[in-house]
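Undergrad: coords below, sequence missing:
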């Protein structure tokens, strides 16, 4: 579903199913996306203002923004609606989460995820404080996310770039939901 190295944006409301026409119009008006990518549904070339809306960290990144004849990986945008129910997305490089209340690192992440995969309604309880909540409520430190809709920015390594406040604001206006982001890297 999500490709090898990506920056993934998603609504905070994990049940949010944005109107695709409203969302794509907003992203095209912002010049975040351009024309659809040939032969790939819900995939777009990056728009003229992409480099102002995705802020690359570090000095002089080398970013391919269009397909090349050599077939090198390049940045493009995919709109992904995996299912009607929220999906929890992690990768091989997902960080151990932290408790959102006491901020202690959760060492038994594998056990937490195994329990959650068996019963999605299970509540996690912090052994160090009184917090109890769902797996999605944990602080995954930008390395996992839960949603019913994702915007994938392909060919971005973890911590290489972040979405601008302007992009996140336009997403919120178009969907009436706050947005978050994480990195996927397998």
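TA: Received it, and whenever you're ready, just let me know what you need. Because the structure is a prediction, the values reported are computed rather than measured.

Undergrad: can you list the domain ranges for the chain.
TA: Here the domain parsing of the chain from automatic domain parsing is 1-56+74-87+142-186, 96-139.

Undergrad: pick the most deeply packed of these.
TA: domain 1-56+74-87+142-186 (a mean of 18; mean count of other C-beta atoms under 10 Å). For the C-beta atoms, the positions are set from N, CA and C on the backbone; glycine is no exception.

Undergrad: in which helix or strand would I find the closest residue to residue 47 other than its chain neighbours?
TA: In this structure, residue 47 finds its nearest non-sequential neighbour in residue 31, 3.9 Å apart by C-beta to C-beta, 6 or more residues apart in numbering. Using DSSP states H and E, residue 31 sits in no helix or strand.

Undergrad: thought residue 31 was touching residue 46?
TA: No. Here residue 31 does not reach residue 46: they are 9.1 Å apart, not a contact under C-beta atoms under 8 Å.

Undergrad: and the nearest residue to residue 68 once chain neighbours are set aside, what does it touch?
TA: Spatially, and ignoring its direct neighbours in sequence, residue 68 is nearest to residue 74 (6.9 Å; C-beta to C-beta, 6+ apart). Neighbouring residues of residue 74 by C-beta atoms under 8 Å, 6 or more residues apart in numbering: 64-68, 154-155.

Undergrad: likewise residue 61?
TA: 160-161 are the contacts of residue 61 under C-beta under 8 Å, 6+ apart.
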